[in-house]
Structure formats: structure tokens, C-alpha cells
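*Asks:* Sharing a model prediction with you, sequence too.
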Amino acid sequence: MSQELTDQIDNQINIKPNELILDYAFKNIDDSKLKIIGEKIASCTNLQKLIVDLEENSFTENGIQYFAQEIQRCESLDNIKLILPYNHLNNQSAAYLSQSLVQLKNLRKLCLDLSVNGISDGISKIGELIVQNTAIKYLDLILSDNPIHDQQAQLLSKCISQSQSIKGITLMLPEVNVGNIGFQSLIEALTQSQSLEQFKLVLIDSGHAITQESLVKFGQAISKNNKLISFHLSLSNIPRDDLKLIKQVYFEISQNQNLVSFVLDFRLK
């Protein structure tokens with residue numbers, strides 16, 4: 001089995017020495033196998049792009065620690081995508097990932113799919129990456145169906161507002177418990193950021209309705225933001241009575257001449 005795990009890497013690296021796209025989803029990868037995969041990846045010294053799909057396996061936070069430490073040795077990496085849903089990952093797992101990824105000083109683009117795990121306050125460790133590693137310009141963070149509430153959204157918002165180098169952020173937060181407080185903190189972080197140019201927030205199926213007051217503040221914040229060039233917001237549970245207000249918000253945002261594109265995906269209840 002170990003040979004099968006590494007053969008996939010050998011076959012790809014011989015074709016593209018700078019790029020690896022690995023599919024280990026649903027392969028019953030445990031801690032020992034994940035360590036083998038990490039060691040083999042680390043041996044690819046010229047690696048610049050890494051995509052690894054590890055959805056629904058059987059490793060623990062110990063396996064993530066081994067794996068992250070090995071990836072850290074690939075100092076030339078500038079683009080990483082790790083797909084890690086359904087793996088019972090916790091806050092310590094997020095911390096291990098952050099501790100290693102922060103050392104990659106050539107890392108420009110990072111995508112972490114941590115959907116359907118057990119991450120809550122650990123979101124702040126991921127957020128600290130964009131503060132401490134100024135090489136990272138683009139972060140995609142997918143956290144659907146994790147125990148994330150307003151408090152965790154506020155922790156992440158603080159990191160976004162403190163970052164001096166991040167240019168683009170995508171936050172996928174469907175099926176979490178973020179409401180008005182968390183939503184407002186994320187929008188405030190967006191306005192306070194000195195570097196953000198692209199921002200996408202998907203906050204649907206959370207069970208919380210965003211209030212009219214929050215929508216008004218959101219429209220005002222985006223209409224006056226002279227740094228943004230691209231914006232996307234998806235919300236659900238919007239009352240039909242708010243249609244007139246939504247039109248007003250849309251009009252306000254459309255007056256921002258710096259925006260090249262913006263999308264408002266409001267799903268009515």
C-alpha cells in the first residue's frame with residue numbers, strides 16, 4: 001500500500017517537476033500513511049504548486065501534524081490547496097497547519113477546505129496566517145458545517161483587519177451559526193483592511209436572518225470602500241419584506257466607481 005501511495009507522486013513529478021495534484025479521497029488514509037505521503041511530497045524539492053484531496057479518511061490531528069511539518073520543507077511552494085472535509089479535525093489540527101504554513105515565505109495563494117470537521121476557535125490560527133506570513137496574498141477558506149459562531153467570526157475578522165498584505169479572501173461559511181454580530185464584524189474588517197481588493201463571503205443556511213440594520217450598514221460600508229475592486233455576498237433567510245431595502249443597498253453599492261464587479265446573492269425566505 002505504501003508503494004501505491006508514493007507511485008502517484010513519482011508518476012506526476014516526472015511529468016511536471018513543479019506541480020503535484022494528488023487524489024487520496026476515501027482511501028482510508030491513517031496517520032502512518034499520511035506521514036508517508038508528506039515525506040514523499042517533501043522530497044520534491046522544486047515543488048511550486050500542490051493540490052491534495054484527502055476528503056473523508058481516518059487520520060487524526062497527529063497525522064496532520066506530521067503532514068504539515070513535511071510540507072513545510074517545500075520552501076518553493078507558492079500555491080497550496082488542501083481538501084480536508086470529513087476528517088474529525090479539531091482546533092489543534094488547525095494550529096498545526098498554521099504553524100507550518102506560516103513558515104512558507106514564498107506561499108502566495110492558499111486554499112483550505114476544512115468543511116464538516118470540529119473547528120471553532122481554531123479559525124483564529126488560520127486567520128493569523130495572513131497576519132504573520134505577508135507572502136500570502138489570496139486565501140480561500142471553506143468552513144461549512146463547523147461549530148463556528150459569532151465569536152469565532154469576530155476572531156477571524158480581527159485577523160483580516162490586521163493583515164497588511166492580503167489582497168483577496170473567499171470565506172465559505174454555509175451551515176454555521178454566524179448571525180448579525182459575526183456578519184457585522186466581517187464587514188467592519190473589510191472596511192478596516194488596508195490591502196483587501198477582492199472579497200467573497202458565503203453565509204447561507206445558518207438559521208440566522210440578517211437584520212435590516214445590518215444590511216443598511218453593509219451597503220454604506222461597501223459604497224464608501226475605495227480599495228475594493230471585486231465583491232461577492234451570498235446570504236439566505238432574507239425576509240421578502242426587505243426587497244425594497246435590498247434594492248436601495250444595491251443602488252448604493254453600484255455608486256462605488258472603484259468596483260469592477262459585485263454580486264449580491266440574497267435568498268429570500
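*Replies:* Thanks, I have the structure now. From a predicted model like this one, the values you see are computed outputs, not experimental measurements.
*Asks:* OK, contacts around the residue positioned nearest the centre of the chain?
*Replies:* The C-alpha lying nearest the average C-alpha coordinate of the chain belongs to Leu141 (C-alpha atoms, centre = their mean; 0.9 Å). Under the criterion of C-beta atoms under 8 Å, 6 or more residues apart in numbering, the neighbours of Leu141 are Cys111, Leu112, Leu114, Ile126, Ile169, Thr170, Leu171, Met172. C-beta: built from backbone N, CA, C; applies to glycine.
*Asks:* of all those, which two lie farthest apart?
*Replies:* Leu114 and Ile169 (15.0 Å; C-beta to C-beta).
*Asks:* Let's see stretch 255-263 as PDB, backbone CA atoms only.
*Replies:* Output of stretch 255-263 as PDB, limited to C-alpha atoms (Å, rounded to 0.1, in the frame of the first residue of the first chain):
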ATOM      1  CA  GLN A 255     -22.300  54.100  -7.000                       C
ATOM      2  CA  ASN A 256     -18.900  52.900  -6.000                       C
ATOM      3  CA  GLN A 257     -16.900  53.600  -9.200                       C
ATOM      4  CA  ASN A 258     -13.900  51.500  -8.000                       C
ATOM      5  CA  LEU A 259     -15.800  48.300  -8.100                       C
ATOM      6  CA  VAL A 260     -15.200  46.300 -11.300                       C
ATOM      7  CA  SER A 261     -17.700  43.600 -10.300                       C
ATOM      8  CA  PHE A 262     -20.000  42.900  -7.500                       C
ATOM      9  CA  VAL A 263     -22.600  40.100  -6.800                       C
END
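*Asks:* Quick check: mean pLDDT of that stretch?
*Replies:* Stretch 255-263 carries an average pLDDT of 93.
*Asks:* go on, stretch 85-102?
*Replies:* Per-residue scores along stretch 85-102 average to 96.
*Asks:* Including pLDDT, distance to Lys247 and secondary structure, could the contacts of Leu141 go into JSON lines?
*Replies:* JSON lines is the format used below for the contacts of Leu141 (pLDDT from 0 to 100; distance: C-beta to C-beta, whole Å; DSSP: H, G, I helix; E, B strand; the rest coil):
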{"residue": "Cys111", "pLDDT": "98", "distance to Lys247": "34", "secondary structure": "strand"}
{"residue": "Leu112", "pLDDT": "98", "distance to Lys247": "36", "secondary structure": "strand"}
{"residue": "Leu114", "pLDDT": "97", "distance to Lys247": "36", "secondary structure": "coil"}
{"residue": "Ile126", "pLDDT": "94", "distance to Lys247": "36", "secondary structure": "helix"}
{"residue": "Ile169", "pLDDT": "97", "distance to Lys247": "27", "secondary structure": "strand"}
{"residue": "Thr170", "pLDDT": "97", "distance to Lys247": "26", "secondary structure": "strand"}
{"residue": "Leu171", "pLDDT": "96", "distance to Lys247": "25", "secondary structure": "strand"}
{"residue": "Met172", "pLDDT": "96", "distance to Lys247": "26", "secondary structure": "strand"}
